[in-house]
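Asker: Fold the following and give me the result.
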Amino acid sequence: MNRFLFIALGAAFGANARYLIGLWAGNRLGADFPYGTLIVNISGSFVLGFLLTLGTGRLQLSPEARLLLAVGFLGSFTTFSSYAVESLTLWREAGFWRSLLNVAANNLVGLVAVALGVTLARWLSGGG
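Answerer: Numbers count the residues shown, from 1 in each chain. Purely as a prediction, here's the structure:
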């Protein structure tokens, strides 16, 4: 049960950090480009890569700290960070083509899923 509490605590902080960065970016940089999302995706990817590398090598993170920071905080801060780390891991462990397949599948299937969701929502709303 405690592991769910660590995840939930980290997620609460991560989601609020993401929200605040989105507000800041919108006010500072404008709303003509999703700067906030870009900032959290890139910074979250950097922090997750750094944390997992250091946390499994030089700095031994406890399972609780790992759940709090990697799964909870960064998981809600940006889901892109997990995708980026998994793609890099695939590249190192299974080769370039497996990594490229993961990148392509996530992006293409994700875009198709968004289009299907929009289409379904419009259909249910009676907007065709």
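
Asker: what packs against the strand or helix carrying Val118?
Answerer: In this structure, Val118 is located in helix 96-124 according to DSSP states H and E. Judged by 3 or more C-beta pairs under 8 Å, 6 or more residues apart in numbering; DSSP states H and E, helix 96-124 is in contact with helix 80-94. (C-beta placed from N, C-alpha, C; glycine too.)

Asker: Just the buried positions in the helix holding Val118, please.
Answerer: 99, 102-103 (16 or more other C-beta atoms under 10 Å).

Asker: Can you tell me the element the closest residue to Thr78 other than its chain neighbours falls in?
Answerer: Of all residues not flanking Thr78 in the chain, Gly44 sits nearest, at 3.4 Å (C-beta to C-beta, 6 or more residues apart in numbering). Element membership of Gly44 [criterion: DSSP H and E] is helix 35-56.

Asker: Buried ones in that helix, by neighbour count?
Answerer: Across helix 35-56, burial judged by 16+ other C-beta under 10 Å covers 35-36, 39-41, 43-45, 47-48, 51-52, 55.
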